[in-house]
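Novice: What shape does this take:
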Amino acid sequence: MQKRRIITQIVLWCFVLSAGLLTGGSIFEGAVLTPLWSHALPESVRQWPYGTVQSKFFAFATPLYALCSLAILIVSRWMSPPQRKWAWGAGLCGLIVVIATFTFFFPILQKTEGAQGAGLSGEEIVRLVQQFKTWHWGRWALLIGSWVAGLRVFSLSGSSSQQGAEVL
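Specialist: Coordinates of the predicted model:
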């Protein structure tokens, strides 16, 4: 029982830290980087010489967050029911963020910022960048929601974890 509690706490710490790291990086990307390459569309994309400068950070942070999201879903079965509910919310939001990142956001960045809009018309560049900027808000909401849900699991771990351990 004690071993499960320790593993659960380690996974929870890793999840909360990875969610915080990804949230901070995403906010930096949206507040600083995206306005630099998308301020005067489509020319700002066509003249952006740096490629996807954020890719090195996100190539590390996103898979880490994905792994921690899966891990929190797995170990949630050892948590008390109130913790489990919040852990599932955190993990599912995390997986949705990661899936959306790889299937929607990353391809747009590759076509625009990464390739300077090569092969795209000006209208296509504008449309893709506007989609990226618009849906980025939803990704932030899910990302921050998962982080807050992870923190909520921590707040419930004091008395709830003892009750959950007795049930097991």
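Novice: now for stretch 99-112, what's the gap between its first and last residues?
Specialist: End-to-end distance for stretch 99-112: 20 Å, by Cα to Cα, to the nearest Å.
Novice: which residues are contacting it?
Specialist: 37-38, 45, 52, 55, 58, 62, 117, 120, 125, 128-129, 131-132, 135-136, 139, 142 (Cβ atoms under 8 Å, 6 or more residues apart in numbering). (C-beta placed from N, C-alpha, C; glycine too.)
Novice: list the buried ones in it?
Specialist: For stretch 99-112, the neighbour count (16 or more other Cβ atoms under 10 Å) marks Ala100, Thr101, Phe105, Phe106, Ile108, Leu109, Lys111, Thr112 as buried.
Novice: quick check, nearest of the residues you listed to Ala66?
Specialist: Nearest to Ala66 among those: Thr101, at 8.9 Å, using Cβ to Cβ.
Novice: For the closest one, give me the pLDDT.
Specialist: If you check Thr101, the pLDDT there is 96.
Novice: Pass me the low-pLDDT residue ranges in the protein, would you?
Specialist: Scanning the chain with the threshold set as pLDDT under 70 gives 158-168.
Novice: now the helices for it?
Specialist: Using DSSP state H, the helices of the chain run over 2-28, 34-38, 43-46, 55-75, 81-100, 106-109, 122-156, 160-167.
Novice: Deepest in the core, which of those is it.
Specialist: With neighbours defined by mean count of other Cβ atoms under 10 Å, none of the helices of the chain is more surrounded on average than helix 81-100, at a mean of 20.
Novice: With respect to Val11, which of the buried residues of stretch 99-112 is nearest?
Specialist: When these are compared for distance to Val11 (Cβ to Cβ), Thr101 wins out at 21.2 Å.
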